[in-house]
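Enquirer: below are the sequence and a predicted model; questions follow.
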Amino acid sequence: MTTIDIDAIHKALANPVRREILAALKEPSARFPEQVLSLEHGVCASAINGSCGLSQSTVSAHLAVLQSAGLVSTQRIGQWVFFKRNEAVIQAFLEALHTDL
């Protein structure tokens with residue numbers, strides 16, 4: 001069973017930009033076709049920055065909140081950081097909502 005922090009996830013999802021990032025990461029090949037490197041490791045932070053229309057530091061802060069809540073995982077390859085949805089945590093959160101509320 002996946003351990004989740006319900007409150008941290010609620011706080012992360014309270015922001016529409018973070019919800020949009022999660023939605024975009026759900027279908028990375030459709031939302032980030034310009035990424036040259038394979039999507040198997042996730043989406044490069046620079047591609048996410050480009051899709052949001054916000055400053056790099058603002059997008060980085062949003063990604064940090066999503067990571068802290070466990071909603072995304074990261075992998076560093078060289079100088080790049082790749083982000084992926086953490087489907088196990090998202091599913092556990094949805095199940096907790098269904099059973100607890």
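Expert: Cool, the structure landed. Numbers count the residues shown, from 1 in each chain.

Enquirer: what's opposite residue 84 in the beta bridge?
Expert: For residue 84, the beta-bridge partners under DSSP bridges are residue 73.

Enquirer: isn't it right up against residue 26?
Expert: No - in this structure residue 84 lies outside contact range of residue 26 using Cβ atoms under 8 Å: 10.4 Å. Where C-beta positions appear, they are placed from N, C-alpha and C, glycine not excepted.

Enquirer: the two: which has the busier surroundings?
Expert: residue 84 (16 against 12; other Cβ atoms under 10 Å).

Enquirer: residues near the nearest residue to residue 20 once chain neighbours are set aside, how many?
Expert: Counting by Cβ to Cβ, 6 or more residues apart in numbering, the nearest residue to residue 20 once its immediate chain neighbours are dropped is residue 52, at 7.4 Å. Residue 52 has 17 neighbours, counted by other Cβ under 10 Å.

Enquirer: next: residue 5.
Expert: Counted with other Cβ under 10 Å, residue 5 comes out at 14.

Enquirer: name the helices or strands packed onto whichever strand or helix holds residue 22?
Expert: Taking DSSP states H and E as the definition, one finds residue 22 inside helix 16-26. Secondary-structure packing of helix 16-26 (3 or more Cβ pairs under 8 Å, 6 or more residues apart in numbering; DSSP states H and E): helix 6-13, helix 45-52, helix 56-68, strand 80-85.

Enquirer: show me what contacts the residue nearest to the spatial centre of the chain?
Expert: Residue closest to the average C-alpha location in the chain (Cα atoms, centre = their mean): residue 72, at 4.1 Å. Applying Cβ atoms under 8 Å, 6 or more residues apart in numbering to residue 72 gives the contacts 22, 25, 63, 66, 83-86.

Enquirer: sweet, I'm off.
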